[in-house]
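J.: Predicted coordinates and the sequence they were generated for:
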Amino acid sequence: MTMPATATRADDIVIEMSDVYAAYHGDISVLNGLSLKVRRGVVTGIIGPNGAGKSTALKTMYGFLTPSRGEIRLRGELVNGRSPSEMVARGVSFVPQNRSLFNDLSVEDNLRLGCWHFRRDKPRVQQALDRVYEMFPVLREKRADLAGTMSGGQQRFLELGRSLVLEPEIVLLDEPTAMIAPRLSRELYDFIAGLPEHGITVVLVDQNVRQCAAVSDHIYVLDLGATRAEGSRETFGDDQQLREMIQEWLDYQID
Ligand SMILES: Nc1ncnc2c1ncn2[C@@H]1O[C@H](COP(=O)(O)OP(=O)(O)OP(=O)(O)O)[C@@H](O)[C@H]1O
Ligand SMILES: [Mg+2]
């Protein structure tokens with residue numbers, strides 16, 4: 001008998017948020033009792049309308065915000081209040097929604113900045129650069145160019161590459177394909193879908209419901225800072241189930 005996808009063993013969960021509340025300012029909570037589980041070695045998708053708290057969920061996982069209530073556990077360890085650099089040291093990396101490159105620095109210098117945590121280990125830095133150039137040959141070609149001169153899609157590859165120099169176990173991606181050309185967007189999704197084969201667990205926040213569902217093993221639908229619905233690949237396997245899952249998401253339109 002095959003196990004249902006939801007019957008995950010505890011050690012398959014790498015990040016667990018339980019009843020998390022978090023605010024940017026004072027006591028106006030943006031996360032309102034958010035609970036979700038990130039399973040090891042697969043893509044976990046997070047979708048939801050604008051302002052649902054998707055980016056805030058990632059920022060809180062990564063330590064930019066400290067929960068006012070609730071728990072965040074990373075491989076079982078309580079990490080509430082850990083800083084982003086402490087999360088990096090624990091194998092978590094983050095590609096934020098808003099463009100995060102230094103446009104006036106070269107492609108290679110942007111990658112070198114990603115190597116900050118081990119900058120004194122020159123051979124490791126070189127290896128990390130070579131690995132990224134192997135993954136994204138266009139970045140090798142353009143390594144001396146200013147990052148700001150590349151196309152939007154190429155810049156997203158650079159951001160992804162920069163997050164991978166750390167050899168993370170978990171990457172948090174916030175709308176990696178927003179506003180880029182369809183061909184590059186497909187390449188990015190293929191790349192993201194392939195990360196688990198390299199032992200990388202992915203959390204993917206996305207506006208593109210169909211694409212997100214296609215690459216995710218499990219999906220959470222967020223609204224008002226909490227989980228409204230969730231489902232395994234089986235649950236959202238067809239459009240009808242996907243529609244039902246997001247029925248409360250009123251302004252959602254399937255394309
Ligand atoms: N830096 C900030 N300071 C104060 N409030 C913020 C900040 N960033 C986001 N918010 C508020 O938090 C709520 C959730 O925002 P968040 O960016 O997490 O939503 P989202 O689901 O990622 O939306 P989108 O799909 O537009 O990216 C919104 O009401 C937003 O206005
Ligand atoms: Mg967002």
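T.: Looks like it came in fine. Numbers count the residues shown, from 1 in each chain. Ligands and ions are numbered 1, 2, ... in the order given.

J.: ok, Phe94 to Pro137 distance?
T.: 25 Å (C-beta to C-beta, to the nearest Å). From N, CA and C alone the C-beta is placed, and that goes for glycine too.

J.: before we move on, what about Arg69?
T.: On the measure of C-beta to C-beta, Arg69 and Pro137 end up 47 Å apart.

J.: the strands in the stretch 51-200 of the chain, which residues?
T.: For the stretch 51-200 of the chain, the strands defined by DSSP state E, counting those that start in this stretch cover 69-74, 77-78, 92-95, 170-174.

J.: Arrange those strands in CSV, one row each, with distance to ligand 1 as further columns.
T.: Putting the strands of the stretch 51-200 of the chain into CSV (distance: least, C-beta to the nearest ligand atom, whole Å) gives the following:
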stretch, distance to ligand 1
strand 69-74, 16
strand 77-78, 23
strand 92-95, 13
strand 170-174, 7
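
J.: got the residues of the protein near ligand 2?
T.: Lys54, Ser55, Gln97 (C-beta under 5 Å from the ion).

J.: Which single residue of the stretch 51-200 of the chain ends up nearest ligand 2?
T.: Proximity of the stretch 51-200 of the chain to ligand 2 (C-beta to the ion) peaks at Ser55, 3.1 Å away.

J.: can you pull the contacts of that residue?
T.: Pro96, Gln97, Asp174, Val205 (C-beta atoms under 8 Å, 6 or more residues apart in numbering).

J.: Could you check how far Met150 is from Leu129?
T.: In terms of C-beta to C-beta, Met150 sits 17 Å off from Leu129.

J.: If we go by neighbour counts, what in stretch 158-174 is buried?
T.: 158-166, 168-174 (16 or more other C-beta atoms under 10 Å).

J.: ok so, going back, show only the entries of the residues of the chain next to ligand 2 found in helices.
T.: Lys54, Ser55 (DSSP state H).

J.: So which residues of the chain form helices?
T.: So, for the chain - with DSSP H - the helices run 54-61, 84-89, 107-114, 122-135, 137-141, 152-164, 182-194, 209-215, 239-245.
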